[in-house]
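Trainee: Quick one: sequence plus predicted model below, questions after.
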Amino acid sequence: MENTNISVLYVDDEENNLFSFKATFRLKYKVYTAISGAAAIDIVRKNHIDVIITDQRMPEMTGVEFLEEVIKIAPDPMRILLTGYTDMAAVVDAVNKGKIFHYLNKPWSEEELDQTIQRAYELYSERQKIVETNSKLEVSNEQLEFLLRQKLLS
């Protein structure tokens, strides 16, 4: 299922991994890549991103620290953490602080990562629909309250 309107940001300090990800998924998704958390934050500020995938072990800013920063500027994108190490403390931090959707081990398998992106986007879309519906309900509620006040005042 090709869905080039899904925007995916992949963050990794290893350039080969960025090339590999882009080569694998560029025809299927709108792919952004960043070599650091700081570069990724800049991309998130300037672009609409649906799914963020980040490596945990990076210099200057870990994946969890990056996700914590992203939540402050863009809380909506689904977040996926990758790590080549079975560092349970990092996973717990990712769940609690980075509010990740899913955790995957490196090296990633194309099929598993693709399925995870698809599931993340489905959940993202459902959440967006709920937010939109709530917004419409709030407007309707305000209009009804206004009409009721008018009725009571007349």
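Mentor: Okay, I see it. Numbering: from 1, shown residues only.

Trainee: so where is this structure shaky, pLDDT-wise?
Mentor: Applying pLDDT under 70 to the chain picks out residues 1-4, 85-98.

Trainee: so what does the longest helix anywhere in it touch, helix or strand wise?
Mentor: Longest helix in the chain by number of residues (criterion: DSSP state H): helix 110-153. Here helix 110-153 touches helix 15-25, strand 51-55, strand 78-83, strand 102-105, going by 3 or more CB pairs under 8 Å, 6 or more residues apart in numbering; DSSP states H and E. Backbone N, C-alpha and C define where each C-beta goes, glycine included.

Trainee: To which secondary structure element type does Thr33 belong?
Mentor: strand (DSSP: H, G, I helix; E, B strand; the rest coil).

Trainee: Identify the residues contacting it.
Mentor: By CB atoms under 8 Å, 6 or more residues apart in numbering, the contact set of Thr33 is Leu9, Tyr10, Val11, Asp12, Leu18, Phe21, Lys22.

Trainee: Output the residues you listed as JSON lines; include the columns neighbour count and distance to Glu126.
Mentor: As requested, those are arranged in JSON lines below (neighbours: other CB atoms under 10 Å; distance: CB to CB, whole Å):
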{"residue": "Leu9", "neighbour count": "23", "distance to Glu126": "20"}
{"residue": "Tyr10", "neighbour count": "25", "distance to Glu126": "23"}
{"residue": "Val11", "neighbour count": "29", "distance to Glu126": "25"}
{"residue": "Asp12", "neighbour count": "25", "distance to Glu126": "28"}
{"residue": "Leu18", "neighbour count": "18", "distance to Glu126": "29"}
{"residue": "Phe21", "neighbour count": "22", "distance to Glu126": "25"}
{"residue": "Lys22", "neighbour count": "15", "distance to Glu126": "27"}
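
Trainee: Looking at the residues you listed, which is nearest Val64?
Mentor: Closest approach between the contacts of Thr33 and Val64, by CB to CB: Val11, at 11.8 Å.

Trainee: who does the closest one bridge with?
Mentor: Ala34, Thr54 (DSSP bridges).

Trainee: need the contact list for it.
Mentor: Residues in contact with Val11, defined by CB under 8 Å, 6+ apart, are 33-37, 39-40, 52-55, 58, 63, 66.
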